[in-house]
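Asks: Structure here, sequence nowhere to be found:
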Ligand code: SAH
């Protein structure tokens, strides 16, 4: 398995079901990418995954300018789910928001929620673009699960229907420099990380969050981090304390 994976470098996300002997019709964009950009030819081998059925080694059996067909030879990896961790973050500038979802996919999350907070500047995000970034990051990092990106919604609304058995790790910049670390607990399985926007959280938001029984407030050290750095730091911290690292 390992040697097969080493030879085939290109990983492609597809939507169709995957199984031994399954053939896959490529979209125009996929054909352009594989044959136009990556110069692949009939007989070439690539890896494909769909976020549900693991990863397969696939052979190119037809290669046209705008079309192509792959044939699934054998499974190279089973589906590996990330830990049950959600990321809630307030969208910031476009490139930095792209960065956050890309890094979240690489570091490992189960779901991504852009949320509007009191000081969030954007009132819409291109969910489809963010999802495409997540797919690209998953292609690149060898993941087999693709975390869904939800539509932007107000944090308040999300908290109203919050599942009480999911613990929220609230990254609170007002605790900068305090000792408020994430503590390893084995009895909680479902988690979420909450990171605010460039403007931080309002006092009301902070008060409301502090009173919720399922919220743990943490500090990310003695310096104020930018929102995108904070998201990456919190994910790394969570994974090394409670996740699959
Ligand atoms: N403008 C704010 C900082 C916002 S930083 C201020 O000057 O106070 C953006 C987000 O990153 C914050 O809302 C918080 O979720 C997170 N963050 C950054 N630094 C942090 C720290 N040292 N501890 C906890 N969270 C932090």
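Replies: That came in fine, so what should we check first? This one's a predicted model, so the numbers in the text were calculated from it and none came from an experiment.
Asks: hmm, who's touching the helix or strand in which residue 75 is found?
Replies: Using DSSP states H and E, residue 75 falls within strand 68-77. For strand 68-77, contacts defined as C-beta atoms under 8 Å, 6 or more residues apart in numbering pick out 1, 4-5, 14, 18-26, 30-31, 34-35, 45-49, 53-62, 144. In short, each C-beta sits where N, CA and C put it, glycine included.
Asks: That strand pairs with which strands, parallel or anti?
Replies: If you go by DSSP bridges, strand 68-77 pairs up with strand 23-25 (antiparallel), strand 55-63 (antiparallel).
Asks: Return the most buried member of the ones you listed.
Replies: Compared across the strands paired with strand 68-77, strand 55-63 shows the largest average neighbour count, a mean of 20 (mean count of other C-beta atoms under 10 Å).
Asks: per-residue confidence averaged over that strand?
Replies: Here strand 55-63 scores 98 as its mean pLDDT.
Asks: Make TSV from the strands paired with strand 68-77 and add distance to residue 172 to it.
Replies: Output for those, formatted as TSV (distance: least, C-beta to C-beta, whole Å):
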stretch	distance to residue 172
strand 23-25	47
strand 55-63	39
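Asks: To the ligand, which of the ones you listed lies closest?
Replies: Smallest distance to the ligand across those (C-beta to the nearest ligand atom): 34.2 Å, for strand 55-63.
Asks: Any stretches of this structure with poor pLDDT?
Replies: Flagging of the chain using pLDDT under 70 yields the residue ranges 1-8.
Asks: contacting residues around the residue most central in space within it?
Replies: Geometric centre of the chain, nearest residue: residue 105, 2.7 Å, by C-alpha atoms, centre = their mean. Residues near residue 105 by C-beta under 8 Å, 6+ apart: 112, 133-134, 137-138, 141, 143, 146-147.
Asks: Find the nearest non-adjacent residue to it, please.
Replies: Among residues not flanking residue 105 along the chain, residue 137 sits closest, at 3.9 Å (C-beta to C-beta, 6 or more residues apart in numbering).
Asks: that older thread, so for the strand holding residue 75, what gets flagged as buried?
Replies: Using 16 or more other C-beta atoms under 10 Å as the test for burial, strand 68-77 gives 68-73, 75-77.
Asks: How many residues are close by the residue of the chain found nearest the ligand?
Replies: The minimum distance from the chain to the ligand, using C-beta to the nearest ligand atom, falls at residue 196 (2.4 Å). Counted with other C-beta atoms under 10 Å, the neighbours of residue 196 add up to 27.
Asks: Same check on residue 134?
Replies: The burial count assigned to residue 134 is 25, neighbours taken as other C-beta under 10 Å.
Asks: Would you verify that it is located in a helix?
Replies: Yes - Residue 134: assigned to a helix according to DSSP: H, G, I helix; E, B strand; the rest coil.
Asks: Looking at the buried residues of strand 68-77, spot the one nearest residue 170.
Replies: residue 77 (34.6 Å; C-beta to C-beta).
Asks: Distance of that closest one relative to residue 168?
Replies: Computed as C-beta to C-beta, to the nearest Å, the residue 77 to residue 168 distance reads 31 Å.
Asks: Show me which residues of the chain are close to the ligand?
Replies: Proximity of the chain to the ligand (C-beta under 6 Å from any ligand atom) is limited to residues 171-173, 175-176, 195-196, 198-201, 219-221, 224-225, 227, 230.
Asks: Quickly list the domain ranges of the protein.
Replies: Following automatic domain parsing, the chain resolves into domains at 2-77, 85-241.
Asks: Could you double-check that residue 116 lies in contact with residue 158?
Replies: No - using C-beta atoms under 8 Å, residue 116 makes no contact with residue 158, being 9.5 Å away.
Asks: Now restrict the residues of the chain next to the ligand to buried residues only.
Replies: Of these, these count as buried by 16+ other C-beta under 10 Å: 171-173, 175, 195-196, 200-201, 219-220, 225, 227, 230.
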